[in-house]
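Trainee: What follows is a predicted structure for the sequence shown.
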Amino acid sequence: MHIRDLSPDQILHNATIYTLDDHQPTAQAVAIKEGRILAVGADAELLPLAVPGTHTHDLGGRTVLPGIFDSHNHLLQVGVKLTRIRLDECRSPEEMMELVRARAAVTPPGHWIVGEGWNEGNFTAATPPGRLPTRWDIDPATDQHPVILMRFFNTDVVNSVALQLAGITPATPNPPGGEIGRDASGAPNGLLRAAAKLFVRNLLPQPTLAELKTAIRLGCQEMNRYGITSVLDPGLYPYELAAYQAVVSEGRAATSQGRAALPIAVRLNVMPSWHGFREEENEAELEARARGLGIASGLGDEWLRLGGLKMAIDGGTSSHTALMYEPFEGETVVGNFNRLDPQTLRRHFRTAQELGWDVGIHTCGDRAMDMVVDAFADVARSTPWSDARHNVIHAYFPSDRALAQMAEHRIAAVIQPTFLYWEGDLIFRDVGERRAANYKPARKYLDAGVVLCATSDIPSTVSPDPFAGLYALVTRKNNLGHFVARDQAISRSEALRAYTINGTWLTREEHLKGTLAPGRLADLIVIDRDYFTIPEEQIKETRVLMTMVGGEIVYTAER
């Protein structure tokens with residue numbers, strides 16, 4: 001059958017289309033049928049394909065890109081966060097407490113008050129600037145509610161009520177891989193870092209299924225605003241996986257009954273949590289969970305698919321909980337924030353591989369990076385699996401040995417350029433100039449032949465905006481305009497691939513999405529300027545005008 005015999009449902013034309021398809025890198029028009037791309041080409045080639053009923057969209061010369069695949073995005077948490085106190089714009093602990101007081105005034109006594117997103121790097125109005133909040137800030141705001149205020153990454157601050165509920169006293173020891181903040185006398189100050197967060201987080205009431213479904217739908221709407229058409233949500237517990245399944249099942253029923261055009265507005269890939277998270281989950285229970293499922297990575301369809309198992313080995317740099325070879329700046333002792341020893345790592349990786357599961361593991365410190373990659377490489381040699389899609393999440397400081405082994409055994413690096421942009425100069429504060437020169441080294445990864453995926457890790461950062469991340473990858477500038485490892489910049493094409501087609505490698509969907517080519521899913525975005533020709537400084541200003549998933553418009557910017 002010739003293409004002229006196929007009648008498209010719609011044609012987008014008069015556009016500058018960057019397909020990321022090597023066979024046809026650019027086009028003027030794209031024809032879509034039944035949620036997939038029928039053809040790309042010139043206006044003169046595709047417009048004659050229109051038949052009665054074909055919708056044509058004149059894009060007025062706008063730029064079209066493949067939809068963004070944010071392959072490390074806690075979409076469900078984003079939706080939950082939208083129902084909590086938003087702290088990301090607070091400029092001091094005092095501003096945070098104003099919001100806590102307001103929420104306390106409308107919250108029944110004894111109920112939890114939860115806030116998210118504070119960042120001491122934004123505390124320019126604090127005295128001194130950057131001062132960390134403590135329980136003594138929160139206590140005057142309310143003594144009738146347990147309060148937990150989550151930093152954008154890896155640290156919480158709680159009030160005295162929450163400390164009491166958790167049983168945290170001056171005599172409470174630090175848990176493995178965590179730290180209880182204390183004052184000079186040894187009394188807990190309300191700051192809980194890394195694994196210590198679980199003392200209080202595990203007390204939070206589990207959301208209901210209805211609340212989780214609402215959160216997922218809210219999260220999808222938020223992602224569509226930024227041109228994100230697919231996500232990989234990592235570290236999910238069984239009740240959260242059930243919520244995803246329920247949302248997609250209800251969406252399929254709605255589409256079959258003609259009540260909705262799509263089952264869901266974002267394509268969902270999900271990673272069950274495994275080792276290195278909740279302390280109360282012992283090894284035997286986790287092994288039984290993986291074996292008992294009887295399923296493996298890749299199961300599902302274009303709307304909901306299983307990714308790998310999510311693990312964690314350490315914390316992060318800004319909270320000084322990453323596993324490092326040398327102390328953080330201003331410290332004299334190397335912290336022991338290792339959640340899993342090398343022998344245990346190898347055992348878990350081998351078990352996962354034997355069961356057909358990929359593994360993605362949270363790894364920030366340079367010492368943690370070597371431990372993880374060495375373990376992956378040893379398992380690859382002893383238990384070969386040619387189609388393994390293992391990956392190192394965050395992957396801050398790779399050694400030359402790690403780079404070589406990642407390339408040899410096809411271990412991907414899943415980095416967050418949004419951290420580089422939004423965290424300003426924190427990396428210099430935490431590890432100094434020398435180590436910062438090897439921070440998220442995108443150029444090194446690509447030159448070594450490592451699969452590089454770029455992601456947001458929202459809500460562990462300010463925004464999921466991929467254009468802030470693309471700007472950081474291309475310029476290596478942070479939000480203060482300062483360079484971070486300038487020689488690690490990559491090209492605009494390489495950066496966009498890291499945000500699109502490269503992510504599909506993790507989920508074995510290279511044949512489905514990530515490029516705009518015939519037969520691929522019709523997931524695309526229209527933006528307000530030409531990403532490939534504008535001055536570099538304009539990349540971060542780029543805005544999404546329209547987001548399309550499966551040929552359906554799921555977001556249109558307000559004019």
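Mentor: Yes, it's here.
Trainee: Isn't Ile490 up against Val474?
Mentor: Yes - if you go by C-beta atoms under 8 Å, Ile490 and Val474 touch, sitting 6.8 Å apart. In this view, the C-beta of every residue, glycine as well, is placed from N, C-alpha and C.
Trainee: tell me the contacts of the closest residue to Arg543 other than its chain neighbours?
Mentor: Excluding the flanking residues, the one nearest Arg543 by C-beta to C-beta, 6 or more residues apart in numbering is Asp528, at 4.8 Å. Listed by C-beta atoms under 8 Å, 6 or more residues apart in numbering, the contact set of Asp528 reads 62, 542-545.
Trainee: Looking at the residues you listed, which are in helices?
Mentor: The helices, defined by DSSP state H, take in nothing from the contacts of Asp528.
Trainee: mind giving me CSV with the residues you listed and columns for distance to Val462?
Mentor: Shown next, in CSV, are the contacts of Asp528 (distance: C-beta to C-beta, whole Å):
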residue, distance to Val462
Arg62, 27
Thr542, 16
Arg543, 16
Val544, 17
Leu545, 22
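Trainee: Need the buried ones from these selected in PyMOL.
Mentor: A single PyMOL command selects the buried members of the contacts of Asp528 (16 or more other C-beta atoms under 10 Å):
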select buried, resi 62+542+544+545
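Trainee: got a markdown table for the contacts of Asp528, with distance to Pro263 and pLDDT too?
Mentor: Shown next, in a markdown table, are the contacts of Asp528 (distance: C-beta to C-beta, whole Å; pLDDT from 0 to 100):
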| residue | distance to Pro263 | pLDDT |
| --- | --- | --- |
| Arg62 | 28 | 99 |
| Thr542 | 29 | 99 |
| Arg543 | 27 | 98 |
| Val544 | 22 | 99 |
| Leu545 | 24 | 99 |
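Trainee: Looking at the contacts of Asp528, spot the one nearest Ala454.
Mentor: Thr542 (15.0 Å; C-beta to C-beta).
Trainee: Look up how far Lys540 lies from Ala489.
Mentor: 14 Å (C-beta to C-beta, to the nearest Å).
Trainee: now do Ala195
Mentor: Ala195 is 35 Å from Lys540, by C-beta to C-beta.
Trainee: Which one of the two is surrounded by more residues?
Mentor: The neighbour count for Ala195 versus Lys540, taken as other C-beta atoms under 10 Å, is higher for Ala195 (24 against 18).
Trainee: Let me know the pLDDT of that one.
Mentor: Looking at Ala195, its pLDDT is 87.
Trainee: list the contacts for it?
Mentor: Counting by C-beta under 8 Å, 6+ apart, Ala195 makes contact with 175-178, 279, 315, 337, 339.
Trainee: now those: which count as buried?
Mentor: Buried subset of the contacts of Ala195 (neighbour count, 16+ other C-beta under 10 Å): 175, 177-178, 315, 337, 339.
Trainee: What residues of the longest helix along the chain count as buried?
Mentor: Longest helix in the chain, counting residues (DSSP H): helix 238-256. Neighbour-count burial for helix 238-256, counted by 16+ other C-beta under 10 Å, picks out 240-241, 243-244, 247-248, 251-252.
Trainee: I'd guessed Pro342 sits against Ala375; true?
Mentor: Yes - counting by C-beta under 8 Å, Pro342 sits close enough to Ala375 to count as a contact (6.2 Å).
Trainee: Look at the two and report which has more neighbours.
Mentor: Ranked by neighbour count (other C-beta under 10 Å), Pro342 and Ala375 place Ala375 first, with 24 against 15.
Trainee: for that one, helix, strand, or coil?
Mentor: Three-state assignment for Ala375 (DSSP: H, G, I helix; E, B strand; the rest coil): helix.
Trainee: ok, now which ones touch the spatially closest residue to it that is not a sequence neighbour?
Mentor: Nearest residue to Ala375 in three dimensions, chain neighbours excluded: Leu345, at 4.1 Å (C-beta to C-beta, 6+ apart). By C-beta under 8 Å, 6+ apart, Leu345 lies in contact with 313, 371-372, 375.
Trainee: now the helices: where do they sit in the stretch 151-300 of the chain?
Mentor: Counting by DSSP state H, counting those that start in this stretch, the segments of the stretch 151-300 of the chain that form helices are 160-166, 198-201, 209-225, 238-256, 283-293.
Trainee: now the ones you listed in CSV, with distance to Gly424?
Mentor: Below are those laid out as CSV (distance: least, C-beta to C-beta, whole Å):
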stretch, distance to Gly424
helix 160-166, 29
helix 198-201, 27
helix 209-225, 24
helix 238-256, 32
helix 283-293, 37
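Trainee: List the neighbouring strands of the longest strand belonging to the chain plus their orientation.
Mentor: For the chain, the longest strand by residue count, based on DSSP state E, is strand 228-236. Using DSSP bridges, the strands paired with strand 228-236 are strand 68-70 (parallel), strand 267-272 (parallel).
Trainee: residues in contact with that strand?
Mentor: With C-beta under 8 Å, 6+ apart as the contact definition, strand 228-236 has outside contacts at 67-76, 223, 244, 266-273, 277, 307, 310, 312, 360, 393, 455, 464, 466, 503, 506-507, 513, 523-525, 547-549.
Trainee: Ignoring the adjacent residues along the chain, who's closest to Asn391?
Mentor: Nearest one to Asn391, counting by C-beta to C-beta, 6+ apart, is Ala412 at 3.9 Å.
Trainee: Relative to Phe467, how far out is that neighbour?
Mentor: Between Ala412 and Phe467 the distance is 22 Å, computed by C-beta to C-beta.
Trainee: Can you name the next helix or strand after the helix-or-strand element of the chain with minimal mean pLDDT?
Mentor: Within the chain, no helix or strand scores below helix 283-293, which has a mean of 71 by mean pLDDT, DSSP states H and E. Per DSSP states H and E, the first helix or strand lying C-terminal to helix 283-293 is strand 304-306.
Trainee: any idea of the mean pLDDT for the helix or strand following that next one?
Mentor: Toward the C-terminus, strand 304-306 is succeeded by strand 309-312 as the next helix or strand (DSSP H and E). Strand 309-312 shows a mean pLDDT of 94.
Trainee: tell me the mean pLDDT for the very next helix or strand once past strand 309-312?
Mentor: Proceeding N to C from strand 309-312, the next assigned helix or strand is helix 342-354, under DSSP H and E. Average pLDDT, helix 342-354: 92.
Trainee: Mind listing the strands the helix or strand following helix 342-354 pairs with, and their directions?
Mentor: For helix 342-354, the following helix or strand on the C-terminal side (DSSP H and E) is strand 359-363. Partners of strand 359-363 in the sheet, by DSSP bridges, are strand 309-312 (parallel), strand 391-394 (parallel).
Trainee: Sweet, I'm off.
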